[in-house]
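> let's see this in three dimensions:
(one chain, ligands or ions: 1)
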Amino acid sequence: MFQSKKKPQHYQPVVLVTGCSAGLGLALAKLLHSRTEYRVIATAREKSLEKVRNHFLDDERFIVRSLDVTSEEDRIRLFGEIQKLWGGVDVLINNAGISYRAVVEHMTEKDEELQMATNYFGPMGLIRLALPHMRNTGRGKIINISSVSGMLAMPTMAAYSASKFALEGASESLWYEMRPFGVTVTLVQPGFIHSNSFKNVYHTPLSDPTRNWSGPYCDFYLNMTPFVEKMMNLSLTTPEKIAHEVLKVIKSENPPLWVPATLDAKVFYYLRRLLPRRIFLPFLYWCLPNAKNWSKEFSHRR
Ligand SMILES: NC(=O)c1ccc[n+]([C@@H]2O[C@H](COP(=O)([O-])OP(=O)(O)OC[C@H]3O[C@@H](n4cnc5c(N)ncnc54)[C@H](OP(=O)(O)O)[C@@H]3O)[C@@H](O)[C@H]2O)c1
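The predicted structure follows:
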């Protein structure tokens, strides 16, 4: 299936992208497919591989492979294959992600584990596999797709935010660790993207919308779900636009650690830094639709 290992005349970076079956990952794969200066491994879970293969045919510089980022076996197998084919990965784009929609009380430990395994442990495992080659060649790029949720947290998205905060913290640390070796680390932080990915959110048995929400957290779900959907529909930012932001990072000699990638991300980035904390949280609370009336009939607040 593989051609023999070729040594390109010029530097043709090897780019690995995770989660290419939909949304930003698919947009990135399409964009990179059109850029002949890169060798690309577009990956997706086995169950979604067909969707990706419908868009691309393997050739000498673009291949589609299966990768579930939560599987250590998958990660090791893929890196072994890339090592034999192209020597290693020069640009790792940790894009695959899931998002739970549930209040903290409705999450289970298993749900928390899946959220972290996909958005944090998987990407960290891939980073560990990519770094030796990057250090040895004295260059490389780790690009982690974070989120505004990695800057601030919203109700019903605690686990998602926790996973992105974890990714942000580790990336910041890695930025220092890689500085002597010529490897850059970047967190691309989109806000709301105009896409259907709100349809892909994960629910727990207690946050499941088909259960007809009731009880103390009912107002949170009734308000947050349409709010997020509306903001995503109103957003002018498409996955393709974010993909171009990521390409700018790939092309940049010395990209910054943080790249707020949408207008709302830039606004929140500065608000978080400029507003005093005692104003920041009440301000965001006030921005949520009618939040002061949520759960009133269930509250025993004194
Ligand atoms: N959409 C937004 O508004 C938004 C905002 C800020 C940040 N982000 C971040 O941007 C990234 C891409 O999101 P998106 O909007 O493009 O989401 P999306 O449309 O839901 O796509 C997510 C992708 O991740 C894949 N994936 C999920 N679990 C995986 C696993 N265990 N292993 C490998 N792939 C897996 C999915 O594959 P399957 O088809 O197999 O499920 C899918 O290809 C995520 O990291 C997300 O957190 C999104």
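
> tell me the secondary structure at the closest residue to Ser146 other than its chain neighbours.
Setting aside the residues directly before and after it, Ser146 is nearest to Leu187 in space (CB to CB, 6 or more residues apart in numbering), at 4.4 Å. Where C-beta positions appear, they are placed from N, C-alpha and C, glycine not excepted. Reducing the assignment to helix, strand or coil with DSSP: H, G, I helix; E, B strand; the rest coil, the entry for Leu187 is strand.

> near the ligand, which residues of this structure show up?
Proximity of the chain to the ligand is assessed by CB under 6 Å from any ligand atom, with 18-19, 21-25, 44-45, 47-48, 67-70, 95-99, 118, 145, 147, 190, 192-193, 195, 197, 200, 232, 239 identified as the residues in range.

> which parts of the stretch 1-150 of the chain are helices?
Read by DSSP state H, counting those that start in this stretch, the stretch 1-150 of the chain holds these helices, from start to end of the chain: 23-33, 49-53, 72-86, 109-116, 122-137.

> please convert the ones you listed to JSON lines, extending it with distance to Glu297 and mean pLDDT.
As requested, these are exported to JSON lines (distance: least, CB to CB, whole Å; pLDDT from 0 to 100):
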{"stretch": "helix 23-33", "distance to Glu297": "38", "mean pLDDT": "98"}
{"stretch": "helix 49-53", "distance to Glu297": "45", "mean pLDDT": "98"}
{"stretch": "helix 72-86", "distance to Glu297": "47", "mean pLDDT": "98"}
{"stretch": "helix 109-116", "distance to Glu297": "27", "mean pLDDT": "98"}
{"stretch": "helix 122-137", "distance to Glu297": "41", "mean pLDDT": "99"}
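
> which of these is buried the deepest?
Of all the helices of the stretch 1-150 of the chain, helix 23-33 has the most neighbours on average by mean count of other CB atoms under 10 Å, namely a mean of 23.

> could you dump it to CSV, C-alpha only?
Backbone C-alpha positions of helix 23-33 (Å, rounded to 0.1, in the frame of the first residue of the first chain) are rendered in CSV as follows:
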residue,chain,number,x,y,z
GLY,A,23,-16.5,20.4,10.4
LEU,A,24,-13.1,22.0,10.8
GLY,A,25,-11.1,18.8,10.3
LEU,A,26,-12.7,18.2,6.9
ALA,A,27,-12.2,21.8,5.9
LEU,A,28,-8.6,21.5,6.9
ALA,A,29,-8.1,18.3,5.0
LYS,A,30,-9.6,19.9,1.8
LEU,A,31,-7.4,23.0,2.2
LEU,A,32,-4.3,20.9,2.7
HIS,A,33,-5.2,18.6,-0.2
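
> and that helix, what does it pack onto?
Other helices and strands packing on helix 23-33, by 3 or more CB pairs under 8 Å, 6 or more residues apart in numbering; DSSP states H and E, are strand 14-17, strand 39-44, helix 239-251.

> in TSV, list those along with mean pLDDT, mean neighbour count and distance to Thr262.
Below are the helices and strands packed on helix 23-33 laid out as TSV (pLDDT from 0 to 100; neighbours: other CB atoms under 10 Å; distance: least, CB to CB, whole Å):
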stretch	mean pLDDT	mean neighbour count	distance to Thr262
strand 14-17	99	25	20
strand 39-44	98	26	23
helix 239-251	98	18	7
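
> got the confidence number for the closest residue to Gly215 other than its chain neighbours?
Excluding its sequence neighbours, the residue lying closest to Gly215 (CB to CB, 6+ apart) is Phe298, at 7.2 Å. Model confidence at Phe298, expressed as pLDDT, equals 95.

> returning to what we had before: ok, now which ones touch the residue nearest to Ser146?
Taking CB atoms under 8 Å, 6 or more residues apart in numbering as the definition of contact, the neighbours of Leu187 are Asn144, Ser146, Gly150, Leu167, Glu168, Ser171, Leu257, Trp258, Val259.

> so which residues of the stretch 101-250 of the chain form strands?
Counting by DSSP state E, counting those that start in this stretch, the stretch 101-250 of the chain forms strands over residues 140-145, 183-189, given from the N-terminal end onward.

> for the longest one, what is the average pLDDT?
I take that to be strand 183-189. Averaging pLDDT along strand 183-189 gives 98.

> off-centre distance for it?
For strand 183-189, the gap between its own C-alpha mean and the chain's C-alpha mean amounts to 12 Å (CA atoms, centre = their mean, to the nearest Å).

> rounded mean pLDDT for stretch 150-157, please.
Looking at stretch 150-157 alone, the average pLDDT works out to 96.

> name the residues of stretch 211-228 that are buried.
Within stretch 211-228, the residues that qualify as buried by neighbour count (16 or more other CB atoms under 10 Å) are Trp213, Tyr217, Asp219, Phe220, Tyr221, Asn223, Met224, Thr225, Phe227, Val228.
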